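Colleague: no sequence on this one, just coordinates:
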């Protein structure tokens, strides 16, 4: 499964800690992230992360294109609404794309844990999407 990871600046440590806690589960999947988020996750966990450009330098568009091209199966996006104007990737746009393409999206730690546990239990499986 291809899992997209995004975090605004004030939430990057939370996402790092989440990835540390669920490293055993995440290492079974292909991880993608915007630039700095991916670098921080790799440094904190040793996991391999495919990194796009930093969000404000085009990584946000790369991430969106991955969703549109059916190359991301699940998204974990820890956001801070006040920062979203300055961070590049907005929750509203990611949510719109995830809803349109039927991609599970977690925006908080409780939902992210539920999705990862669902993956581990086999309750969530990669969906083969037809072209829309």
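Modeller: Yes, it's here. A quick note: this is a predicted structure, and the numbers were derived from the prediction, not measured.
Colleague: alpha carbons only for contacts and neighbour counts from here, please
Modeller: Noted.
Colleague: what's the average pLDDT for the longest helix along the chain?
Modeller: Ordering each helix of the chain by length in residues (DSSP state H) puts helix 109-121 first. Mean per-residue pLDDT for helix 109-121: 95.
Colleague: Tell me how far it lies from the chain's centre.
Modeller: Put simply, helix 109-121 sits 13 Å off its chain's centre (C-alpha atoms, centre = their mean, to the nearest Å).
Colleague: so who does the closest residue in space to residue 7 that isn't next to it in sequence touch?
Modeller: Leaving aside its chain neighbours, residue 7 sits nearest to residue 78 (4.7 Å; criterion: C-alpha to C-alpha, 6 or more residues apart in numbering). Going by C-alpha atoms under 8 Å, 6 or more residues apart in numbering, residue 78 touches 6, 7, 8, 11, 12, 14, 15, 106, 107, 108, 109.
Colleague: Which ones among these lie within strands?
Modeller: Secondary structure from DSSP state E places 6, 7, 106 of the contacts of residue 78 in strands.
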